[in-house]
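[1] Whatever this is, show me its structure:
(2 chains)
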2 protein chains.
Amino acid sequence: MTTSPDSAVREFIAEHRPAFLDELAEWLRIPSVSADPDRAGEVRRSAEWLAARLRSTGFPVAEVWETADGGLPAVFAEWPSGDPDAPTVLVYGHHDVQPADRADGWVTDPFQPVVVDGRMYGRGAADDKGQVFFHTLGVRAHLAATGRSTPAVNLKLLVEGEEESGSPHFGALIREHAEQLAADVVMISDTGMWGERTPTVCTGMRGMVELQIDLTGPAQDIHSGSFGGAVPNPATEAARLVAGLHDADRRVAVPGFYDGVVELTAQERELFAELPFDEAEWLGVAKSRATLGEQGFSTLERIWARPTAEVNGIWGGYTGPGGKTIVPSSAHLKLSFRLVAGQDVEKVRQAVADWVADRLPAGIGHEITFTGSTRPCLTPLDHPALQSVVRAMGRAFEQKIRFTREGGSGPAADLQDVLGAPVLFLGISVPSDGWHSVNEKVELDLLAKGVETSAYLWGDLAANWPAGKTAGEMGNA
Amino acid sequence: MTTSPDSAVREFIAEHRPAFLDELAEWLRIPSVSADPDRAGEVRRSAEWLAARLRSTGFPVAEVWETADGGLPAVFAEWPSGDPDAPTVLVYGHHDVQPADRADGWVTDPFQPVVVDGRMYGRGAADDKGQVFFHTLGVRAHLAATGRSTPAVNLKLLVEGEEESGSPHFGALIREHAEQLAADVVMISDTGMWGERTPTVCTGMRGMVELQIDLTGPAQDIHSGSFGGAVPNPATEAARLVAGLHDADRRVAVPGFYDGVVELTAQERELFAELPFDEAEWLGVAKSRATLGEQGFSTLERIWARPTAEVNGIWGGYTGPGGKTIVPSSAHLKLSFRLVAGQDVEKVRQAVADWVADRLPAGIGHEITFTGSTRPCLTPLDHPALQSVVRAMGRAFEQKIRFTREGGSGPAADLQDVLGAPVLFLGISVPSDGWHSVNEKVELDLLAKGVETSAYLWGDLAANWPAGKTAGEMGNA
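    Numbering: from 1, shown residues only, chains lettered A, B, ... in the order given. Below is the predicted model:
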């Protein structure tokens, strides 16, 4: 879907691009590494810098929010529309960055950004400062091109400072400020697109249930010659559990696991299949030699849209050099289940617990510890907000916008849960940008497309928002 | 089967019992702990003490044998019969002992033996000095009662000094001295009986094939959200191998594994079933809460007479606290297969290797390392040498002698392999003797029965030996 670009927007962006890039570079020079306790001050400086910059952009509210337990600060900003029916959009991003050290293989100092061949290199260029920052110029272009003095939507920004450290206080933060954060749509500005020539919108992330299973057999390791073959072996039973996770078609064999799964539509499968997916190249990235997964689904479908069961760790018995002929006294599993829209975390937990209890023979004790969970999120292709994102990107890129999903799981679901709003993803980063790696960069032309998308988006959203509908009625799955 | 005891033998033993026990105590005071490098000198002193004692018993040859690589010495002794058709018997035992420290919970000093309530307490009392030493008084009683000046059989003794350290040089030692050790029958004097009131003869030991399987998947741990469910996971495949080891009846499912297995005879099953086996008590010793094993067999049959597959260790992926959502790059298994008579070590190895290769999906690499193996040994109930042992024990115990087997695997099979002779087991130790534990002891009345059995055995063997038959024709399986 493409619609015509706006020359006023483009001119405004072109005019302000040099200053915009200078300011982004200034922000990138603040080494806001949240994982490094010695740089807590830099993370705070980054928050203060951003809040000041948002105020100068025009946000009437732009403040640094403290997090619980002396955690690292977030930034909140708000710019009301003034229009009575304007929808409220909350943009999410983060201002902390991954650690980076020149000695790791950076060609230039990771905290002294440089522009080379149309790319800005520096830690945080793509993940996530660049993708937060494009909204500042975006909203100004939106105002300049429309002649408005306030955005067409009630625009809120929440930019956390602990995302690269696992967002330990994020849930508490958004619950504490739920009223101020209330929104009709959450726009995650911390993802990417399929590729430089293939602009895409991500429509969902998988959820997850993680657990550890501890099995016990004999009260201590016992001699396999004297007792082996006549008593249950917890390592054998751990292995039988793992082997039983999948049936012959590599479908998850836990009864009830697929209950409620939102199946891929024929349209989605067609759209995924249109993506220029190169399996050999993907295997290279996966550092794997072959694909294997649920029968009847493509690789992209398997990682984006199908629930899975994976063993992340297994251990029990003797693991040293040589042999030791024992029946081990215990064995342990770490499992994770990826969930898709329609699956319920609590129901999956119960299904797994029942399944485990049902499969173990007499003489094997077990304990299950659920170590974490994240709900899946998915926005249907026909959701009006998603359609607005597609139109805005289409005008910016002058190309058909395709769809992806994200196989991983993230704090986006927290926002969905706490705010009860559908979650959309808007990103212009590409796989070559080097997230969490060396020589992280952002493509400046794509960054400009991000600015442009942001400039079109608020007007489109306001114009096409079904006034008076609540988020719950908007069909988020 | 019982036959009448010999009063001359009993009188001789009773007369010499006090001096015999004093000498045994003297030997037990030598702390011949082979696992402790600081006590290598004590192991040597033990060997020299024994050689001297065997010479004073009457053995014309009694010498200390060095082992390869500066290992700990063994003792060899030989006393030819002089009768042209006399069979040759090699008695095997060991003079080294397990470590022992009073602080571990010994009531008395483990190397200052004491006699209390008809039991001699001390490290090595049962395992194995007591059970080696009863042959010295045994052969003297045999001579005294028969009026012979030489034993009725060509009697050889091989008493190693590294059994408690895994017999690292034993194979080389017996290959080096194969000619001197040549025998028609090997008599292992390092085992026990069912119990104080249930004298038994062990008729075989299981063999073993041990291996490690290393599986590789992705070249490094990869993100389970981005790739999980679409590439093979080596931990899953390791678990599927383990789970596939057994079928629903808990029979080993490796094709060809049971080829050649010598099945239990109806007679053996009946005899096993007559043993006073208390499953609850056995579970207590096994520190287990339930039995589980091959369908259609009793617990004793499973551990003594059926081949098994056991996972001794399994590991792969993340095993630390919390969760880590990865597809691990590798996973590892340590497996051991216990073998029974008729199974061939090489064929089992090949069957396992084929089975593993056959079950792994594309994208999973594997390497198998066979870490050790031992052949099974079994002497049929109607073997004439076994019948002699049963008759000799029957005269000593004046009770029906029953049969057991040993579920473990040991160096006995090396002797069988190198010497080509059937292996028999003669022991008077009982489960309460505390092998490898604290307060090891030997029951003095049972020790005297051992002396008496030894005194009857050589005459019975010589009288019933099918002259001119070679060991290979004697039906050892």
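[2] Quick check: residues of the stretch 301-450 of chain A near chain B?
    By CB under 8 Å from any CB of the partner chain, the residues of the stretch 301-450 of chain A that approach chain B are A:302-303, A:306, A:308-319, A:322-329, A:331-332, A:334, A:336, A:338, A:361-363, A:365, A:371-372, A:406-409. C-beta here means a position set from N, CA and C on the backbone, and glycine is covered the same way.
[3] how many neighbours does the nearest residue in space to residue A:330 that is not next to it in sequence have?
    Nearest non-adjacent residue to residue A:330, counting by CB to CB, 6 or more residues apart in numbering or on different chains: residue A:216, 5.1 Å away. Residues lying near residue A:216 (other CB atoms under 10 Å in any protein chain shown) number 18.
[4] now the residues of the stretch 301-450 of chain A next to chain B: which count as buried?
    A:302-303, A:306, A:308-319, A:323-329, A:331-332, A:334, A:336, A:338, A:363, A:371, A:406-409 (16 or more other CB atoms under 10 Å in any protein chain shown).
[5] any idea which helix or strand carries residue A:333?
    strand A:330-339 (DSSP states H and E).
[6] re the thing from before, please tell me I have it right and the residue nearest to residue A:330 contacts residue A:366.
    Yes: taking CB atoms under 8 Å as the definition, residue A:216 is a contact partner of residue A:366 at 7.3 Å.
[7] Check which helices and strands the host helix or strand of residue A:18 sits against.
    Counting by DSSP H and E, the element that carries residue A:18 is helix A:7-28. Here helix A:7-28 touches helix A:40-57, strand A:119-121, helix A:129-146, helix A:444-464, going by 3 or more CB pairs under 8 Å, 6 or more residues apart in numbering or on different chains; DSSP states H and E.
[8] now the angle from that helix to helix A:40-57?
    Angle, helix A:7-28 to helix A:40-57, by axes from the mean of the first three to the mean of the last three CA atoms, to 10 degrees: 160 degrees.
[9] Next, the angle from helix A:7-28 to helix A:129-146.
    150 degrees.
[10] For helix A:7-28, could you pull out the residues that count as buried?
    A:9-10, A:12-13, A:16, A:20-21, A:23-25, A:27-28.
[11] and what of stretch A:170-181?
    Quick answer for stretch A:170-181 (16+ other CB under 10 Å): A:170, A:173-174, A:180-181.
[12] what does stretch A:129-149 give?
    Within stretch A:129-149, the residues that qualify as buried are A:129-146, A:148, counting by 16+ other CB under 10 Å.
[13] list the helices and strands the least confident helix or strand in chain A by mean pLDDT packs on?
    Every helix and strand in chain A was compared by mean pLDDT, DSSP states H and E; the lowest is helix A:412-419, with a mean of 86. Judged by 3+ CB pairs under 8 Å, 6+ apart, helix A:412-419 is in contact with strand A:88-94, helix A:170-176, helix A:178-181, strand A:185-188, strand A:377-378, strand A:423-425.
[14] Repeat the analysis, applying 6 Å as the threshold.
    Using 3 or more CB pairs under 6 Å, 6 or more residues apart in numbering or on different chains; DSSP states H and E, the elements in contact with helix A:412-419 are helix A:170-176, strand A:377-378.
[15] Mean confidence (pLDDT) on the first one, please.
    If I follow you right, that is helix A:170-176. Averaged across helix A:170-176, the pLDDT comes to 95.
[16] got a list of contacts for it?
    Helix A:170-176 is contacted from outside by A:67-68, A:160, A:181, A:411, A:414, A:418, using CB atoms under 6 Å, 6 or more residues apart in numbering or on different chains.
[17] could you dump these to a markdown table with distance to residue B:272?
    Converted to a markdown table, the contacts of helix A:170-176 look like this (distance: CB to CB, whole Å):
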| residue | distance to residue B:272 |
| --- | --- |
| A:67 | 69 |
| A:68 | 67 |
| A:160 | 69 |
| A:181 | 74 |
| A:411 | 63 |
| A:414 | 63 |
| A:418 | 67 |
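[18] give me the low-pLDDT residue ranges for the stretch 301-450 of chain A?
    Nowhere does the stretch 301-450 of chain A drop to pLDDT under 70.
[19] again, 90 this time
    Residue ranges of the stretch 301-450 of chain A with pLDDT under 90: A:320-325, A:371-375, A:408-414, A:416-418, A:434-437.
[20] what's the farthest-apart pair in the buried residues of stretch A:170-181?
    Pairwise distances across those peak at 14.9 Å for A:170 and A:180 (criterion: CB to CB).
[21] List the contacts of the residue sitting furthest away from the middle of chain A.
    Relative to the C-alpha centroid of chain A, counting by CA atoms, centre = their mean, residue A:226 is the outermost residue, at 52.3 Å. Counting by CB under 6 Å, 6+ apart, residue A:226 touches residue B:407.
[22] let's see it at 8 Å
    Remark: with contacts taken as CB atoms under 8 Å, 6 or more residues apart in numbering or on different chains, residue A:226 is in contact with B:286, B:303, B:407-408.
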